[in-house]
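[1] Here is my input; please provide its structure:
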Amino acid sequence: MKNLDETPRSERNTENNCQEEENQLETSHNKSPLLSDSWKPYQRPRAIVKEWLLKLRCCLGAVCGMEWYGYAALGILTGFLSFLMDLSVSKLLRAHQWLYMKLEGHSLLQFLCWTLYPSCICVVGSSFSHSICPFSTGSGIPEVRAMLAGFEMPHYLSVTNLFTKYVGLICTLAAGSTIFLGKVGPFVHLSTMVGAYLSKLCSLVQTNKKDKAAGEMMVVAAAVGVASCFGAPVSGVLFSVEVMSSHFAVKHYVPCFFSTACGALTFHLFSVWSGDGETLQVLFKTNFPTALPFYPLEIVLFALLGLLCGAVSCCYLFCHRWILQVIKTNPIFIKWLTTEKALYSGMVAFLLASVTFPHFAGQYMASKYTMKQLLTSLLDGRQWTSESHNASVQVDPKPWLEWSSSGSSVYMTLTFFLLMKMWMLVLACTLPVPAGCFMPVFVYGAALGRLFGEGGAYVLSGLTSGQQWASINPGGYALAGAAAFSGAVTHTLSPALLAIELTGQFSHAVPALIATVLANARSRSGHRPSFYDAISISKRLPHLPSLKKACPWLPSTPVGQVLGAKAVQLQKTAGLVEVQHAVNSCTETQIPVVDSHESQILLGFVLRPELLMFLRHCKTETVEKHLDEVCCIHRASVLLSPHNTVQEAHSILSLVGTQALFVTDSGRLVGLITWPEMKRILEDLAKEI
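    This next block holds a predicted model:
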């Protein structure tokens with residue numbers, strides 16, 4: 001009797017829910033935007049305001065689509081946030097330098113100032129990020145790539161994460177070149193958060209809502225994030241194509257270029273208005289010779305530099321993957337990074353700051369320079385060795401003086417800088433703070449190129465008696481080295497264009513591109529994953545290109561081997577009870593329909609709203625009917641075989657845009673693949689690496 005009583009009650013509840021949904025639909029459809037509830041005050045002023053807003057929307061919509069205003073707003077907001085972050089970081093760094101200089105003559109106090117300042121800032125940033133939003137730590141690019149691939153990760157797009165990551169990134173950058181971390185990756189994540197909310201706003205404002213790709217605004221936001229960091233719109237779009245989207249649609253190009261131009265222009269305009277520059281100019285000024293930038297035979301040297309950067313990047317990526325494995329398996333690291341994140345951040349920051357103390361090893365690494373000053377000095381167009389031996393007094397600033405402040409040659413300081421920053425950067429990447437790696441590896445590549453250029457100029461000028469090789473520009477090799485090494489670490493070619501946009505040296509476009517291509521060829525050999533791929537694999541994120549780079553055989557796994565539990569299905573003669581059970585136990589929009597549970601022959605699928613209509617129909621009619629008599633059974637346009645690979649299933653889900661793929665064997669239903677199911681499959685495959 002208990003079961004007999006429960007059935008009518010559940011049926012009545014279902015009927016009430018259906019009626020409520022129908023009433024809500026009718027109310028939302030018929031409700032006029034000019035009408036307001038009777039209990040709300042100021043009805044007449046509210047109606048006037050709404051009327052004028054509707055007129056404004058019509059006027060703006062007549063000029064162009066509302067989404068274009070969203071693209072412009074995305075660029076402007078992101079550019080302003082980037083400028084505000086740089087301004088805050090520069091003030092904090094200037095305060096640290098001022099305090100250090102005021103303590104001149106007191107070595108112990110200077111040591112405490114040099115070490116405790118970045119340590120406390122890292123502790124604050126780590127504690128703030130961990131206590132408010134643990135998802136805010138790290139780069140953020142691997143998570144954004146997974147979301148652009150079609151997987152939902154709502155926690156990474158929350159307002160709390162936006163605020164926490166912004167403040168935490170300011171703390172990380174305020175630690176300076178001591179910690180040696182950048183802002184590109186986290187800022188791309190911040191830009192995608194802004195883009196996600198602007199996308200929702202545009203969808204609410206639009207009058208005729210068209211079916212758009214869910215990640216269109218996020219794809220644009222990924223490009224805007226890079227453009228707003230450096231004021232480089234073209235390389236920002238190329239970076240979004242290479243890193244962020246595995247399937248970049250051609251329709252995204254124009255919105256990307258429009259939004260990145262708005263972001264770069266906003267960033268440069270605020271820099272001018274703040275007094276940092278007189279006009280719109282490149283971020284890093286250079287003094288390369290314009291008459292003869294490089295000799296034709298120097299192309300061979302640039303090619304050798306590219307191969308050298310590729311080899312060094314393989315060493316760095318190996319160390320990075322090793323440290324990721326250690327922190328995932330070592331119990332001490334696991335405990336610290338789980339319960340004692342602030343303590344771990346403070347200890348690592350104190351260690352790095354102690355090593356870079358100017359009266360210790362820091363005097364051999366130009367540790368007093370900030371990240372921007374390091375890159376500006378390395379891109380200097382003069383030969384440091386020849387200029388340092390010149391006894392004539394020069395009025396121009398000498399950037400090599402900080403590199404040779406200890407009395408050592410620039411060769412020794414550059415070599416020491418490269419050796420020390422290799423392990424220091426690998427260790428700093430383990431900090432549980434919002435941080436990126438692109439700018440550090442860019443500076444590291446510039447130092448490697450500078451050392452190669454200075455050494456090449458010295459050797460060639462000694463071997464030849466003429467003056468041809470005496471005017472070699474080591475700054476050009478630093479530019480090519482920065483592009484080649486950062487491109488090899490991230491497996492991209494966009495750093496070649498970024499280096500040119502940052503400096504304005506279009507004369508070195510060909511050497512930088514040649515060096516970047518050769519460095520990529522060396523770094524990609526042997527199926528080595530990039531920096532972002534290694535993080536995706538370590539975090540077991542569902543990103544198929546990362547799995548393919550690490551283990552090419554994994555995406556070729558047959559779908560039949562990785563299918564989970566059998567999906568909920570209906571037979572064509574299903575009645576009220578069976579349909580009710582399917583609606584309550586399944587949340588999918590497409591539910592498969594088979595001929596019978598015994599034969600399992602797939603007939604098609606029925607939509608969830610149609611099932612709700614079927615339940616409503618059964619409540620109103622006295623004669624019980626079957627599913628095929630009321631609902632329309634839709635044919636499945638694409639069917640998969642159990643022998644199809646995971647990569648083929650993922651490509652079909654991405655390109656076709658369908659919500660579900662039915663797996664059949666000789667017409668019999670075997671399983672159902674949806675985006676949540678594909679996420680589970682890829683996460684399980686990542687565990688095998």
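[2] which other residues reach stretch 333-342?
    Defining contact as C-beta atoms under 8 Å, 6 or more residues apart in numbering, one finds that stretch 333-342 is touched by 123, 126, 127, 130, 326, 327, 328, 343, 344, 430, 432. (Glycine included, C-beta is placed from N, CA and C.)
[3] can you pull the pLDDT of the fifth one?
    Same thing as residue 326. For residue 326, the model assigns a pLDDT of 90.
[4] just checking, what packs against the host helix or strand of it?
    Using DSSP states H and E, the element containing residue 326 is helix 298-329. With contacts taken as 3 or more C-beta pairs under 8 Å, 6 or more residues apart in numbering; DSSP states H and E, helix 298-329 sits against helix 331-339, helix 410-428, helix 438-463, helix 474-490, helix 509-524, helix 531-538.
[5] Now the buried members of the contacts of stretch 333-342.
    123, 126, 127, 130, 327, 344, 430, 432 (16 or more other C-beta atoms under 10 Å).
[6] List the residues that contact the third one.
    The reference is to residue 127. 341, 342.
[7] can we see that at 6 Å?
    Contact partners of residue 127, counting by C-beta atoms under 6 Å, 6 or more residues apart in numbering, are residue 342.
[8] How about the fourth one?
    Taking C-beta under 6 Å, 6+ apart as the criterion, residue 130 is in contact with residue 341.
[9] go with 10 Å
    Listed by C-beta atoms under 10 Å, 6 or more residues apart in numbering, the contact partners of residue 130 are 136, 137, 164, 168, 337, 338, 339, 341, 342, 345, 432, 433.
[10] got JSON lines for these, with pLDDT and secondary structure too?
    Output for the contacts of residue 130, formatted as JSON lines (pLDDT from 0 to 100; DSSP: H, G, I helix; E, B strand; the rest coil):
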{"residue": "136", "pLDDT": "87", "secondary structure": "helix"}
{"residue": "137", "pLDDT": "88", "secondary structure": "coil"}
{"residue": "164", "pLDDT": "93", "secondary structure": "helix"}
{"residue": "168", "pLDDT": "93", "secondary structure": "helix"}
{"residue": "337", "pLDDT": "85", "secondary structure": "helix"}
{"residue": "338", "pLDDT": "84", "secondary structure": "helix"}
{"residue": "339", "pLDDT": "84", "secondary structure": "helix"}
{"residue": "341", "pLDDT": "89", "secondary structure": "helix"}
{"residue": "342", "pLDDT": "90", "secondary structure": "helix"}
{"residue": "345", "pLDDT": "92", "secondary structure": "helix"}
{"residue": "432", "pLDDT": "92", "secondary structure": "coil"}
{"residue": "433", "pLDDT": "92", "secondary structure": "coil"}
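[11] hey, where'd the strands end up in this structure?
    If DSSP state E is used as the criterion, the strands of the chain fall at 570-571, 590-594, 602-607, 639-640, 660-665, 668-674.
[12] quick one: which of those strands is nearest residue 159?
    strand 668-674 (28.0 Å; C-beta to C-beta).
[13] Please save the CA atoms from the closest one in CSV.
    Provided in CSV are the C-alpha atoms of strand 668-674 (Å, rounded to 0.1, in the frame of the first residue of the first chain):
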residue,chain,number,x,y,z
ARG,A,668,22.6,-1.8,-31.0
LEU,A,669,23.0,1.0,-28.5
VAL,A,670,26.3,0.6,-26.5
GLY,A,671,26.7,3.9,-24.8
LEU,A,672,26.4,7.7,-24.8
ILE,A,673,29.2,10.3,-25.0
THR,A,674,28.5,13.8,-23.7
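[14] quick check: angle from it to strand 602-607?
    Relative orientation of strand 668-674 versus strand 602-607 (axes from the mean of the first three to the mean of the last three C-alpha atoms, to 10 degrees): 30 degrees.
[15] Tell me how far strand 668-674 lies from the chain's centre.
    33 Å (C-alpha atoms, centre = their mean, to the nearest Å).
[16] With stretch 483-498 instead?
    Using C-alpha atoms, centre = their mean, the offset of stretch 483-498 from its chain centre is 15 Å.
[17] Let me see the contact set for the residue nearest the centre of the chain.
    The chain has residue 141 as the residue nearest its centroid, 2.3 Å off, counting by C-alpha atoms, centre = their mean. With contact set as C-beta under 10 Å, 6+ apart, residue 141 has these partners: 184-186, 188-189, 192, 222, 225, 239, 243-244, 436-438, 490, 531-532, 535-536.
[18] how about a cut-off of 8 Å?
    If you count contacts by C-beta under 8 Å, 6+ apart, residue 141 has them with 185, 188, 189, 243, 244, 436, 532, 535.
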